[in-house]
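# Kindly return the folded structure for what I paste below:
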Amino acid sequence: MKDFLQIFGVGLIAALHWVTFYGSIKYSNVSVALVCFSSIGFFTAIFEPLILRTKMDLREVLLGLMVIGGIYIIFRFDPQYKIGIVVGIISALLGCLFPVINRIFLRKHSPETVTLYELTGGFLSLSIILPIYLQLFPADHNIPTTNDFLWLLVLSWFCTVLAFQLSMNALKSISAFTVNLTYNLEPVYGILLAFAVYQENKDLGFSFYAGLAIIILAVALQTVNVYLKHKAK
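Residues are numbered from 1 along each chain as shown. Have a look, this model is predicted:
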């Protein structure tokens with residue numbers, strides 16, 4: 001029962017991470033939300049040693065601070081994105097917690113079990129919160145349209161359940177270097193896709209690209225750092 005309740009609780013954290021991530025997109029755009037997502041490395045460098053009781057890596061903390069500096073440049077000079085940036089950083093903070101805690105659960109339970117109970121916990125938690133949310137933020141329509149249902153199926157099955165399951169198995173099957181590399185590259189290729197699909201590059205000013213350049217440099221240095229640690233092992 002203790003494990004059951006704990007996994008349900010982590011499911012709530014995962015669900016709130018996704019809610020705040022999409023909220024960040026709504027209050028800004030895809031590119032800004034993904035830039036904020038890149039701060040997940042900084043929060044992981046802080047919280048992973050605290051939760052798993054391991055030694056803190058000062059280099060990872062410093063590289064994470066570089067990312068925070070890049071986000072601050074965008075925050076400082078693009079005031080129209082401030083709410084989206086704050087919500088995006090909250091999303092990154094929540095997003096760093098459940099993968100770290102999942103490593104503890106995967107020592108005792110299968111990826112399928114953890115996925116089932118976490119996603120169920122997230123679903124039930126959001127179902128309880130939803131009526132309160134709709135009172136505070138009324139929607140244009142509460143019942144999804146046919147088109148909404150199709151996209152929800154894509155997001156739920158392919159982008160959440162399948163992706164969640166694959167990531168769980170990846171944690172048990174591939175090297176830490178590969179996992180960290182994919183996490184580091186996610187904001188980069190996500191922003192490139194946003195440029196290609198939504199032409200967001202037309203709406204972004206110089207400060208965004210200055211902040212993004214610092215973040216990409218931090219990502220590159222973190223990749224080198226992870227590679228050197230992997231090589232040493």
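
# H141 and N147: what is the separation?
Separation of H141 from N147 (Cβ to Cβ, to the nearest Å): 12 Å. For glycine as for every other residue, the C-beta is placed from the backbone atoms N, C-alpha and C.

# Tell me how far the spatially most central residue of the chain lies from Q165.
By Cα atoms, centre = their mean, the chain has its centre lying nearest to G95, at 4.4 Å. From G95 across to Q165, the span is 17 Å (Cβ to Cβ).

# With I68 instead?
I68 sits 32 Å away from Q165, going by Cβ to Cβ.

# I'd assumed F21 was in contact with the residue nearest to the centre of the chain.
Yes: using Cβ atoms under 8 Å, G95 is in contact with F21, at 7.4 Å.

# so where is the chain shaky, pLDDT-wise?
Within the chain, the stretches with pLDDT under 70 are 171-184.

# Helices of that one, start to end?
Taking DSSP state H, the helices of the chain run over residues 2-27, 30-37, 40-52, 58-77, 82-105, 111-136, 146-153, 163-173, 176-198, 206-232.

# what's the most buried one of those helices?
Most buried of the helices of the chain by mean neighbour count (mean count of other Cβ atoms under 10 Å) is helix 30-37; its value is a mean of 25.

# OK, contacts around E60?
Shown in contact with E60 (Cβ atoms under 8 Å, 6 or more residues apart in numbering): 41, 44-45, 222, 225.

# State the pair within these that is farthest apart.
Using Cβ to Cβ, those span at most 13.2 Å, a distance reached by T44 and N225.

# For the nearest residue to G205 once chain neighbours are set aside, list the residues it contacts.
Leaving aside its sequence neighbours, G205 sits nearest to D78 (Cβ to Cβ, 6 or more residues apart in numbering; 6.2 Å). Shown in contact with D78 (Cβ under 8 Å, 6+ apart): 32, 204-205, 207-208.

# Show the backbone phi and psi for I143.
Phi and psi for I143, reported as degrees, to the nearest 10, are phi -90, psi 120.

# same check, this time on D57
Torsion angles, degrees, to the nearest 10, at D57: phi -90, psi 110.

# how far away is the residue nearest to the centre of the chain from N102?
Counting by Cβ to Cβ, the gap from G95 to N102 is 12 Å.
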